[in-house]
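*Asks:* this is a predicted model, with the sequence first.
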Amino acid sequence: MIGDIIDKRTPISAYQPPKPVADLTADVKKDYSQGAEILNRSWNELNDYSVIDRMNKDQRTFNALVDESVENPAEAWKWRGTRSKARKKALAMHAHLTANYIVPMVSAQNDDDEEDRGMADIMRDILDWMIAPTNSNYQSSFLMASMGMLVNPVTYLGAEYCEVMQKVKTKTDNGYETKEVLDEVLSGFQAPVYSADQILITNAFEQNIQKQRRVIKRRYIEYAEARAKWEDHENWQYVQKGLKSVYNEEDGLFYDVKDDEHPNLVAEETVLGRREDLEVVYLNGIYMGETDVEANPIKFRDHQDRPKYNVVPFGYHRVNEHFFYYKSMMFELGWENQLYDAMSELVMNRALLEVEMPIAISGVDDIDSDVIFPGASIAMSDPQSKITPLLPAANFGAGFEALKETDDSMGESSVSEVQQGQLPAASQKAYSVAQAAHAAKVVLSGVGKTLGVSVAQYGSLMTDIAVNHVTVAQVVELGGGKTKLKYKAFLLNNKNVGGRQSNKRIVFDEALLGADMTEEEQNDASLALLDQVGYPNHKEHIYRVNPELFARMKYLVRVDPEEMYPKNKEYQQALDQNMYTLLRADPLIEPEALLRRLLYSNYGGEGEEMISKNTQMLPAIMNAAQQPAQSAAGARAEQKGLSTGLPRSPVAV
């Protein structure tokens with residue numbers, strides 16, 4: 001799409017589209033040029049670097065690259081490495097941010113803006129199912145995006161739902177025949193990661209990507225991949241490897257320009273305009289949209305069928321209140337990392353000289369390296385001979401103090417040494433260590449909130465995919481020309497239900513479509529489900545969901561930054577034990593659920609086997625354990641808890 005028409009010798013392309021397509025291409029080319037200019041111009045916010053140069057510089061800092069070339073042989077002995085402090089800080093920060101795979105919390109509201117906790121729980125469970133490694137690449141992409149935000153001015157995480165077919169060969173009586181089947185690897189919910197230079201925007205001072213007038217996604221793909229996706233398009237015949245079709249505004253014609261940097265690849269550029277509801281793909285500058293340029297709506301829609309950009313920016317922290325791009329952690333620590341390496345080079349090189357000090361020898365005796373070794377005893381014939389060190393005594397204390405000050409400063413901007421797993425020095429007071437840990441936690445909390453904003457935006461895209469694709473019915477052929485709707489069932493293993501660790505099965509039931517069940521009818525349906533799972537010895541809970549009601553809900557997404565902090569298992573075990581001792585006799589607490597929580601904290605799923613199956617003695621045990629004085633409200637709550645069999649039964653929604 002972008003290229004230089006050097007002179008009149010540039011050949012005219014065989015691809016010459018109709019005027020509406022040419023006009024759209026000319027308009028898109030302006031936005032493409034604007035987006036490329038934003039990436040390549042210098043910004044004060046990035047210390048007078050462009051986005052591309054800033055990204056490359058910060059990546060060199062993270063990768064701890066060292067110039068090993070030595071022009072002067074006399075300088076070859078010097079240590080010129082790196083201590084990789086910035087990289088170590090980034091890895092420690094990444095470990096904290098990814099202690100858990102963050103799944104946003106969801107609130108559901110119906111058409112009357114009333115909260116529906118049941119539907120919110122179902123949506124949260126669907127999101128849990130979507131991010132499982134067997135169902136998507138979200139977990140690996142989340143790790144890459146969270147690392148990218150520490151290194152780059154911005155990293156993008158996309159949300160897509162794909163249905164990709166693959167050709168398979170099956171053996172028949174007449175040989176092999178080829179048929180198309182759904183590619184389970186490439187299909188379904190996908191979370192692609194885009195680097196800073198793969199996304200073009202039109203306004204560098206608008207932080208909300210949904211407010212960008214246009215967003216352009218670009219990448220280079222194999223010719224075979226492009227052919228598999230687009231060979232049925234009428235313009236595919238014009239697509240050639242390493243040859244771009246460039247529109248010339250002066251004469252309105254397209255010219256073929258060689259792409260010397262990517263001679264064997266095809267540039268795929270997807271142009272998105274949310275306000276105008278436009279999505280068009282160009283391959284090497286060739287239009288691959290519909291014949292009618294107005295019939296190219298954005299494919300990604302929210303659950304109310306409104307167009308939406310399906311990429312979310314991730315970054316370390318904002319530079320100011322307007323600039324779109326972020327200040328990465330490597331940008332934050334870059335100068336101090338250079339200072340630390342420079343001081344390390346000075347101190348270590350002087351230490352090398354101190355260990356093997358160069359000396360000056362005066363007199364007639366020949367003393368060289370052959371006789372200078374540990375424990376050597378040398379007799380000199382010349383009484384005037386002297387051996388004198390060439391360098392004065394070194395002040396190593398000042399050098400190491402400078403290193404310590406630099407290291408502490410880097411810890412204030414990222415994570416402390418203690419948070420990286422190192423024990424504090426014996427000379428440090430506990431109060432000082434606690435203060436440093438608290439300050440580092442504040443920094444971590446700020447980064448966590450920034451990450452939480454991006455994850456919340458991404459979670460909104462995930463709920464749209466859940467409603468529009470994951471939970472929709474599939475048409476199944478029954479034979480004889482008959483069809484029926486079939487919904488997918490979702491199985492989630494080892495979930496906490498009423499204090500019990502068990503499996504959850506979510507079933508979208510077409511029999512509930514159009515049904516308006518009373519509370520009594522819902523309770524009857526729940527009892528029927530209990531019989532189906534074999535209550536009370538069941539290890540699975542079943543939830544029936546009305547697909548229509550689920551799709552009509554408004555889902556609000558939020559993220560709790562506390563989810564990002566690593567959990568201390570020993571601390572949690574002690575806390576659960578204390579809470580069990582404190583609340584065991586409380587009439588408002590469900591005792592079996594409290595016990596299950598304690599057992600799961602210590603024994604995981606094996607704790608379930610320790611629960612007694614004989615619950616008839618439970619009332620007597622509870623009465624003996626409770627305090628003599630008990631309120632009437634507490635007694636009623638206790639009686640209600642016992643009469644329901646303790647664990648909450650599955651609810652038919």
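*Replies:* All right, it came through fine.
*Asks:* output the below-cut-off pLDDT ranges for the stretch 1-150 of the chain.
*Replies:* 1-8 (pLDDT under 70).
*Asks:* if you set the cut-off to 90 instead, what comes out?
*Replies:* By pLDDT under 90, the low-scoring segments of the stretch 1-150 of the chain are 1-11, 64-86, 88-89, 91-105, 109-118, 133-135.
*Asks:* just the helices from it, written as ranges.
*Replies:* Using DSSP state H, counting those that start in this stretch, the helices of the stretch 1-150 of the chain run over residues 19-40, 51-63, 85-97, 117-130, 138-151.
*Asks:* going along the chain, name the strands of the stretch 501-650 of the chain.
*Replies:* Here the stretch 501-650 of the chain has its strands, by DSSP state E, counting those that start in this stretch, at 540-545, 554-558.
*Asks:* dump the ones you listed to TSV, plus distance to G448, mean neighbour count and mean pLDDT.
*Replies:* Just so you know, the C-beta spots here come from the backbone N, C-alpha and C atoms, and that holds for glycine as well. Output for the strands of the stretch 501-650 of the chain, formatted as TSV (distance: least, CB to CB, whole Å; neighbours: other CB atoms under 10 Å; pLDDT from 0 to 100):
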stretch	distance to G448	mean neighbour count	mean pLDDT
strand 540-545	32	21	84
strand 554-558	13	17	91
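*Asks:* how about the ones you listed in CSV, adding distance to I126?
*Replies:* Below are the strands of the stretch 501-650 of the chain laid out as CSV (distance: least, CB to CB, whole Å):
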stretch, distance to I126
strand 540-545, 10
strand 554-558, 10
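*Asks:* out of these, which is closest to T155?
*Replies:* Distance to T155, taken as CB to CB, is lowest for strand 554-558 among those, at 20.1 Å.
*Asks:* mind giving me the packing neighbours of the closest one?
*Replies:* If contacts are counted by 3 or more CB pairs under 8 Å, 6 or more residues apart in numbering; DSSP states H and E, strand 554-558 sits against strand 105-109, helix 430-465.
*Asks:* mind telling me which of those the model trusts least?
*Replies:* Lowest mean pLDDT within the helices and strands packed on strand 554-558: helix 430-465, at a mean of 77.
*Asks:* just the pLDDT for Q616.
*Replies:* Listed pLDDT for Q616 reads 51.
*Asks:* contacting residues around the residue nearest the centre of the chain?
*Replies:* Closest to where the C-alpha atoms of the chain average out (CA atoms, centre = their mean) is F142, at 2.0 Å. F142 sits next to 98, 101-102, 157, 191 when contact means CB atoms under 8 Å, 6 or more residues apart in numbering.
*Asks:* tabulate the helices of the stretch 1-150 of the chain (JSON lines), appending distance to D464.
*Replies:* Formatted as JSON lines, the helices of the stretch 1-150 of the chain follow (distance: least, CB to CB, whole Å):
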{"stretch": "helix 19-40", "distance to D464": "25"}
{"stretch": "helix 51-63", "distance to D464": "29"}
{"stretch": "helix 85-97", "distance to D464": "25"}
{"stretch": "helix 117-130", "distance to D464": "11"}
{"stretch": "helix 138-151", "distance to D464": "15"}
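*Asks:* for S381, find the nearest of those helices.
*Replies:* Counting by CB to CB, S381 lies closest to helix 85-97 out of the helices of the stretch 1-150 of the chain; the figure is 52.5 Å.
*Asks:* centre of the chain versus that closest one, how much separation?
*Replies:* Mean-position distance between helix 85-97 and its chain equals 15 Å (CA atoms, centre = their mean, to the nearest Å).
*Asks:* what's it packed up against?
*Replies:* Using 3+ CB pairs under 8 Å, 6+ apart: helix 85-97 touches helix 51-63, helix 138-151, helix 329-355, helix 396-412, helix 430-465.
*Asks:* nearest to M610, out of the strands of the stretch 501-650 of the chain?
*Replies:* The closest of the strands of the stretch 501-650 of the chain to M610 is strand 540-545. By CB to CB, the value is 19.7 Å.
*Asks:* who are the packing partners of that closest one?
*Replies:* Using 3+ CB pairs under 8 Å, 6+ apart: strand 540-545 touches helix 117-130, strand 500-508, helix 519-533.
*Asks:* now these as a markdown table including distance to M55 and mean neighbour count?
*Replies:* Shown next, in a markdown table, are these (distance: least, CB to CB, whole Å; neighbours: other CB atoms under 10 Å):
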| stretch | distance to M55 | mean neighbour count |
| --- | --- | --- |
| helix 117-130 | 30 | 20 |
| strand 500-508 | 42 | 20 |
| helix 519-533 | 53 | 14 |
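*Asks:* coming back round to it: between the strands of the stretch 501-650 of the chain, which gets nearest to Q212?
*Replies:* Taking CB to CB, strand 554-558 is the member of the strands of the stretch 501-650 of the chain nearest to Q212, at 20.5 Å.
*Asks:* residues in contact with that closest one?
*Replies:* With CB under 8 Å, 6+ apart as the test, strand 554-558 has contacts from 104-110, 113, 120, 123, 303, 456-457, 459-460, 463, 467.
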